[in-house]
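Peer 1: pasting a predicted model and its sequence here:
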Amino acid sequence: MMPLIEFMLASAIGLGTTLTFISSHWLLAWVGLEINTLAIIPLMAQHHHPRATEAATKYLLIQAASTATLLFATTLNAFTQEEWSITSIENQAAITLIMLALALKLGLAPFHFWLPEVMQGLNLTTGMILATWQKLAPTALILQTSHLAPPNLLMTLGILSTLAAGWAGINQTQLRKILAYSSTAHLGWLISISLYAPHLALLTLGIYVLMTTAAFLTIKTTSSTKINILTQSWSKNPTMMAAMVLILLSLAGLPPLTGFMPKWLILEELAKQELAVPATTLAMSALLSLYFYLRLCYSSTLTLFPTTTKLKSPWHRLNVKQNMIAITTISTMAITLLPLTPMTLNLARFYF
């Protein structure tokens, strides 16, 4: 694809997200979501591979269904109370449909089955955009309307997402599918707390985007797409794989890494709200995700790929073409931000 076309598509993706961010009218937010969707589809299908074409087609159909449901729900609300404002929804059927449509767009359970299949058909760069940037606009709409939604609906979606993603990711061997289930699990934590503490949901989103970006950049550097390829990467680039292990453990939420911060604060807030059962369920579901993260760590560092020679051949070395300064900075932030919890928490409160 020509650099000019890539620049135009990237600009359109940014424009769509920005329109959704600044909108206070449902039609403008819908336009932003549509621009966002239509701009990423050419990036998905740019390699002219059957899997890429299938992924782009599935993504188009899913996003069209979710935005159509969103438009129908907002029209229903406007018909009943003559109001198109995002924060003025009194019709319970409309707000329920809106939340379900946004859950479908984000890939939350029980609407998460499309996300791993679409992710598997994409290259790592486009998959990173789908797992990070494409989550921003729908999440912004959820954070603006979560106080209007039924509390049981949001908590149910969150717990289902963490449990379903944990169970489904256990038997996966494809790294892109594992990261897709990781996305569903992290967004489950986010939507569970969005009603009670939107600033924590915003903090969770920011840290998730940071950790997932670091994971995708590291995987792209080592050219790993499956676990059996990951086992060969230690002899090629041990420094990068050591960083990969720490990033995976941070995604799992183990202290003293950055990923522990949102889980710790969310469980604390749920305990303050006297929601002991949901908090316990979320904590137990994190153990399911921890299993497949530890399996990736074991495969990448504690096992060596069988070889007939003990020497490292020069053609086994990686040809790293990415900006190592960016990878190093993002990876460091994805690992070491836990001591800055008070500052990041106050920064998130500033926006709510």
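Peer 2: Thanks, I have the structure now.
Peer 1: low pLDDT regions in the stretch 251-352 of the chain?
Peer 2: 303-323 (pLDDT under 70).
Peer 1: ok, now with 90
Peer 2: Applying pLDDT under 90 to the stretch 251-352 of the chain picks out residues 255-256, 289, 292, 295-329, 331, 340-341, 343, 345-352.
Peer 1: quick one, helices of it?
Peer 2: In the stretch 251-352 of the chain, the helices defined using DSSP state H, counting those that start in this stretch lie at 260-272, 276-301, 324-336, 341-350.
Peer 1: got the contact list for the third one?
Peer 2: It refers to helix 324-336. Residues outside helix 324-336 that contact it (Cβ atoms under 8 Å, 6 or more residues apart in numbering): 210-211, 213-215, 217-218, 221, 243, 246-247, 250, 257-259. Heads up, the C-betas are built off the backbone N, CA and C, glycines and all.
Peer 1: hmm, try it at 10 Å
Peer 2: Contact with helix 324-336 is made by 207-218, 220-221, 240, 243-244, 246-247, 249-251, 256-259, 320, 323, 340, as judged by Cβ atoms under 10 Å, 6 or more residues apart in numbering.
Peer 1: before we move on, back to that, of all the helices of the stretch 251-352 of the chain, which lies closest to residue 57?
Peer 2: Of all the helices of the stretch 251-352 of the chain, it is helix 276-301 that lies closest to residue 57, at 28.2 Å by Cβ to Cβ.
Peer 1: determine how far that closest one lies from the middle of the whole chain.
Peer 2: In terms of Cα atoms, centre = their mean, to the nearest Å, the centre of helix 276-301 is found 16 Å from the chain centre.
Peer 1: packing partners of it?
Peer 2: For helix 276-301, the elements it packs on are helix 151-169, helix 175-193, helix 227-230, helix 233-236, helix 238-252, helix 260-272, judged by 3 or more Cβ pairs under 10 Å, 6 or more residues apart in numbering; DSSP states H and E.
Peer 1: tell me what angle that helix forms with helix 151-169.
Peer 2: Angle between the axes of helix 276-301 and helix 151-169 is 20 degrees (criterion: axes from the mean of the first three to the mean of the last three Cα atoms, to 10 degrees).
Peer 1: and the helix or strand harbouring residue 140 with helix 175-193, angle?
Peer 2: If you go by DSSP states H and E, residue 140 is part of helix 136-145. Put simply, helix 136-145 runs at 10 degrees to helix 175-193, going by the same axes, to 10 degrees.
Peer 1: show me what helix 136-145 is packed up against.
Peer 2: Using 3+ Cβ pairs under 10 Å, 6+ apart as the contact test, the elements touching helix 136-145 are helix 3-22, helix 26-44, helix 50-81, helix 92-106, helix 175-193, helix 198-222.
Peer 1: rerun that using 7 Å as the cut-off
Peer 2: With contacts taken as 3 or more Cβ pairs under 7 Å, 6 or more residues apart in numbering; DSSP states H and E, helix 136-145 sits against helix 3-22, helix 26-44, helix 92-106, helix 198-222.
Peer 1: quick check: which of those helices is nearest to residue 186?
Peer 2: The closest approach between residue 186 and any of the helices and strands packed on helix 136-145, judged by Cβ to Cβ, belongs to helix 198-222 at 4.5 Å.
Peer 1: thinking again about what came up before, can you redo the helices of the stretch 251-352 of the chain as TSV with mean neighbour count?
Peer 2: Formatted as TSV, these follow (neighbours: other Cβ atoms under 10 Å):
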stretch	mean neighbour count
helix 260-272	19
helix 276-301	18
helix 324-336	16
helix 341-350	14
